[in-house]
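Visitor: Below are the sequence and a predicted model; questions follow.
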Amino acid sequence: MNKLKHLGNKTAYTFDYQPEVLESFENQHPEHDYFVKFNAPEFTSLCPITGQPDFATIYISYIPDKKLVESKSLKLYLFSFRNHGAFHEDCINIIMNDLIRLMEPKYIEVWGKFLPRGGLSIDPYCNYGKPQTKYEEMAWHRLQNHDLEPENITNR
């Protein structure tokens, strides 16, 4: 726990997208599959075309493997989207991909409930799950290592 930089210290807010602010800690119960859920009702990003703010509630749910995300670092990370220009769908996928890189969870889903603009709301959703069998695991590791040739993905 002493590796955590943000928890218990004065907060330095950053106004630019910063995935490096995310921190993790060891799962104390890796033998259990349990959900960790975050609801962030004050998410803001910018439209990449108009520069106008977009507002959303971001829902993150995951089943941890060996690591969990530290919540204050997650708050700072989500805050770093404040001046980031990206479409709604892109924001949701960026968040999921950054959390996968940080934790390598067994399962994760990220849903953005964006407020309507021009009479239309957009609620993008994405998810990802790690394989559960040794054969799926072998194929998954090959894909993770960009070994995408079809003959390399089959189980030997």
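Guide: Yes, it's here. Numbering: from 1, shown residues only.

Visitor: Please, which helix or strand holds the residue positioned nearest the centre of the chain?
Guide: Taking CA atoms, centre = their mean, the centroid of the chain lies closest to Met96, which sits 2.9 Å from it. In this assignment (DSSP states H and E), Met96 forms part of helix 88-103.

Visitor: quick one: contacts of that helix?
Guide: Outside of helix 88-103, the residues within contact range by CB atoms under 8 Å, 6 or more residues apart in numbering are 19, 22, 24, 43, 45, 54, 56, 58, 60, 62, 64-69, 77-78, 81, 84, 86, 105, 108-112, 114, 122, 124-128. No exception for glycine: its C-beta is placed from N, CA and C like everyone else's.

Visitor: Same check on stretch 72-85?
Guide: Outside stretch 72-85, the residues touching it (CB under 8 Å, 6+ apart) are 4-7, 11, 13-19, 21-23, 38, 40, 43-48, 51, 58, 60, 91, 95, 98.

Visitor: What number of residues are in the vicinity of Gln28?
Guide: 9 (other CB atoms under 10 Å).

Visitor: quick one: terminal-to-terminal distance for stretch 74-92?
Guide: 14 Å (CA to CA, to the nearest Å).

Visitor: Mean confidence (pLDDT) on it, please.
Guide: The pLDDT scores in stretch 74-92 average 95.

Visitor: Go ahead and confirm Tyr34 touches Ile63.
Guide: Yes. Between Tyr34 and Ile63 there is a contact at 6.7 Å, judged by CB atoms under 8 Å.

Visitor: So which of those two has more stuff around it?
Guide: For Tyr34 versus Ile63, the count of surrounding residues by other CB under 10 Å is larger for Ile63: 16 against 9.

Visitor: I'd say that one and Asp33 touch.
Guide: Yes. Using CB under 8 Å, Ile63 makes contact with Asp33 at a distance of 5.3 Å.

Visitor: would Glu20 count as being in a helix?
Guide: Yes. Judged by DSSP: H, G, I helix; E, B strand; the rest coil, Glu20 forms part of a helix.

Visitor: Lovely, talk soon.
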